[in-house]
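[1] Using only what follows, build the 3D model:
(one chain, ligands or ions: 2)
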Amino acid sequence: MSAVLLQCLSHTPLKGYVDPQPEVVEEVARMVAAQRAEVEAFDPELIVLFAPDHYNGFFLDTMPQFCIGTAATSVGDYMTSAGPLPVPREIAEACAEHVVAADIDLAISYRMLVDHGFAQPIEELTGSLDRYPVIPIFINSVAPPLVSFRRARQLGEAVGEFIRGLGKRTLILGSGGLSHNPPVPQMATATAEVAERLIAGRNPGPEARDARQQRTIAAATSFAAGTSPLHPLNPAWDEAFMDNLVRQDWTALDAYGNAAITEAAGASAHEVKTWVAANAAMNAATGGHYRAEARYYKAIPEWIAGFAALTGVAV
Ligand SMILES: O=C(O)/C=C/c1cccc(O)c1O
Ligand SMILES: [Fe+2]
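    Ligands and ions are numbered 1, 2, ... in the order given. Take a look at the predicted model:
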C-alpha cells in the first residue's frame, strides 16, 4: 500500500495584483509555507493533482469532463511559470487504464495545456513546476454541462484505488474554490466573438492574454470595492462544504446539486469537485483510514475567492 498525503488549496491568480491587507497576505503565506513544509517532509515520489482549467487548456471544440495528462505544459498565465510538467508517462497511462476499467469515462491527453489552476498549487507547495513527478487530472468546472459531486467522487475513488496499489509515496492535491465567480465567460451568454474564444481560443497572443488578465484584475478591484455584479462569496456554504469533507460525509457530498451550487456559491464554485475527487482518492488509497483537517478559511474578495486549505493524513 502506498504512503499518501492529501493537500487541498484554493488558487487565485490575483495574488500580487489585487491583494487584501498585508496581515491577510502574510497569514495565507504562513499557512501555505506550513503545507509546503509537510510536503517536503513527506518527500513524495509522485503527485496526483486534480485541478480545473479556465479556457486556457480546454475549449469548447472538445470539452471532456475529466482528462488525464500523460504529457503536460503550463501556459504560464499571471505569475505562474511556463514550461513542461514532469509527467511520468507510463504511470499516467496505467492510471488511465485503471480508471477507464472502473467505468469512469476519463479522456487522455498526450499534449495537455494547464493554467494557474494546476501551476499555482504545484509551485506554491513544491517550489517549482518540476520538483516532483506529477500526474495532472483535469475536472471540467466551468463549461456546462458539468458532472455531479457523485461522479467527481467516483473519479477520485478510482484514482485512489490505483494509487493504493502503486507502492509510491503519493501526494494527492486538490486545487480551486471555494465559493467564487470570477469573470469566466459562459457560452449561454457569450457574444459571437467571445463564443469563438471559448471554442478555439487556445494559445492567444501576449496582447490577448494580457487583455484578459487586465479584465480579471479590474473585476477583482471592483469586487473588493463592493461595486461589482459578481456573485458574492459565501462563507457559510464554504464552511459547510469543508465540514462535510472533514467528517467524510460522502452521502451529504453526493447530495449537492449543480444548480444549487451555482446559485449559492457562484459559477466557478464547481472547482471544489477537485477537492471532492482528491478527498475521495485519499479515502480509497487509505481504505478510509485518514483524518482530514480544515487548515484555513477566509473570504478574500480581492482574490475573488472563498480561500481555503485542507490537509489529510493517513491514520
Ligand atoms: O481565469 C482567470 O482569468 C481568472 C481566474 C480566477 C480568478 C479568481 C479565482 C480563481 O479560482 C480563478 O481561477
Ligand atoms: Fe480557478
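[2] how much space between N279 and A265?
    17 Å (CB to CB, to the nearest Å). For every residue, glycine as well, the C-beta is placed using N, CA and C.
[3] And for L46?
    L46 is 31 Å from A265, by CB to CB.
[4] In terms of neighbours, single out the busier of these two.
    Higher neighbour count among L46 and A265: A265, with 27 against 21, using other CB atoms under 10 Å.
[5] didn't the more buried one look like it was pressed against G176?
    No: contact criterion CB atoms under 8 Å: A265 and G176 do not qualify, at 11.9 Å.
[6] and N203, that one's in a strand?
    No: assessed with DSSP: H, G, I helix; E, B strand; the rest coil, N203 is coil; it does not lie in a strand.
[7] for it, phi and psi?
    phi 50, psi 60 (degrees, to the nearest 10).
[8] So what's the residue count around it?
    The number of residues near N203, taken as other CB under 10 Å, comes to 9.
[9] residues contacting it?
    Neighbour list for N203: 75, 113 [criterion: CB atoms under 8 Å, 6 or more residues apart in numbering].
[10] could you measure it against ligand 1, distance?
    N203 is 15 Å from ligand 1, where distance means CB to the nearest ligand atom, to the nearest Å.
[11] For this protein, which segments are assigned as strands?
    All strands of the chain, identified by DSSP state E, fall at 4-9, 46-51, 66-69, 72-75, 82-85, 107-109, 112-114, 134-139, 170-175, 290-300, 305-314.
[12] Tabulate those in a markdown table, adding columns for distance to ligand 1 and mean pLDDT.
    Output for those, formatted as a markdown table (distance: least, CB to the nearest ligand atom, whole Å; pLDDT from 0 to 100):
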| stretch | distance to ligand 1 | mean pLDDT |
| --- | --- | --- |
| strand 4-9 | 11 | 98 |
| strand 46-51 | 10 | 99 |
| strand 66-69 | 17 | 99 |
| strand 72-75 | 11 | 98 |
| strand 82-85 | 16 | 98 |
| strand 107-109 | 20 | 98 |
| strand 112-114 | 12 | 98 |
| strand 134-139 | 13 | 99 |
| strand 170-175 | 9 | 98 |
| strand 290-300 | 10 | 98 |
| strand 305-314 | 5 | 98 |
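[13] mind checking which of the ones you listed is nearest N234?
    N234 lies closest, by CB to CB, to one member of the strands of the chain: strand 305-314, at 6.6 Å.
[14] Quick one: residues in contact with stretch 25-32.
    9, 15, 19, 124-125, 295-296, 298, 300, 307, 309.
[15] which parts of the chain sit against ligand 1?
    Within reach of ligand 1 by CB under 6 Å from any ligand atom, the chain has these residues: 11-14, 54, 117, 176, 180, 182, 184, 212, 216, 268, 304-305.
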